[in-house]
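> model this:
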Amino acid sequence: MYENIEKAIEELCIEAELVKVFDAIEIAKRGVLKTPALAINGEIKIAGRVASVDELNKLLKTLQN
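As a prediction, this is how the structure comes out:
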């Protein structure tokens, strides 16, 4: 997931800070029940699967509007 979101951010020329969380307690505090997960501005957008670069591009584009 991390590599795919990096590619999507690069393709869309978005400035973003990526944080990779490994600590199980911190993951649970964020409300994630299945990993991998993607949260944007604290909101879980994808969990339990790896999203494709295309899917991530579409998601990021909807958030830009």
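> got a list of what the most centrally placed residue in the chain touches?
Closest to where the C-alpha atoms of the chain average out (Cα atoms, centre = their mean) is residue 38, at 2.9 Å. Shown in contact with residue 38 (Cβ atoms under 8 Å, 6 or more residues apart in numbering): 1, 5, 44-47, 51, 56. Heads up, the C-betas are built off the backbone N, CA and C, glycines and all.
> which element is it on?
strand 37-40 (DSSP states H and E).
> list the buried ones in that strand?
For strand 37-40, burial by neighbour count (16 or more other Cβ atoms under 10 Å) applies to 37-38.
> next one: stretch 29-36
32, 36.
> Inside strands: which ones of the contacts of residue 38?
44-47 (DSSP state E).
> Tell me the spacing between the residue lying farthest from the centre of the chain and residue 39.
Most distant residue from the mean C-alpha position of the chain: residue 25, 18.4 Å away (Cα atoms, centre = their mean). Relative to residue 39, residue 25 is positioned 16 Å away (Cβ to Cβ, to the nearest Å).
> Give the bridge partners for the residue nearest to the centre of the chain, please.
Residue 38 has these beta-bridge partners by DSSP bridges: residue 46.
> wait, doesn't residue 40 sit right on residue 63?
Yes: counting by Cβ atoms under 8 Å, residue 40 touches residue 63, with 6.4 Å between them.
> so which helix or strand takes in the residue farthest from the centre of the chain?
helix 24-29.
> before we move on, the earlier item: can you redo the contacts of residue 38 as JSON lines with neighbour count and pLDDT?
Below are the contacts of residue 38 laid out as JSON lines (neighbours: other Cβ atoms under 10 Å; pLDDT from 0 to 100):
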{"residue": "1", "neighbour count": "16", "pLDDT": "96"}
{"residue": "5", "neighbour count": "22", "pLDDT": "97"}
{"residue": "44", "neighbour count": "13", "pLDDT": "96"}
{"residue": "45", "neighbour count": "14", "pLDDT": "96"}
{"residue": "46", "neighbour count": "17", "pLDDT": "97"}
{"residue": "47", "neighbour count": "16", "pLDDT": "97"}
{"residue": "51", "neighbour count": "18", "pLDDT": "98"}
{"residue": "56", "neighbour count": "23", "pLDDT": "98"}
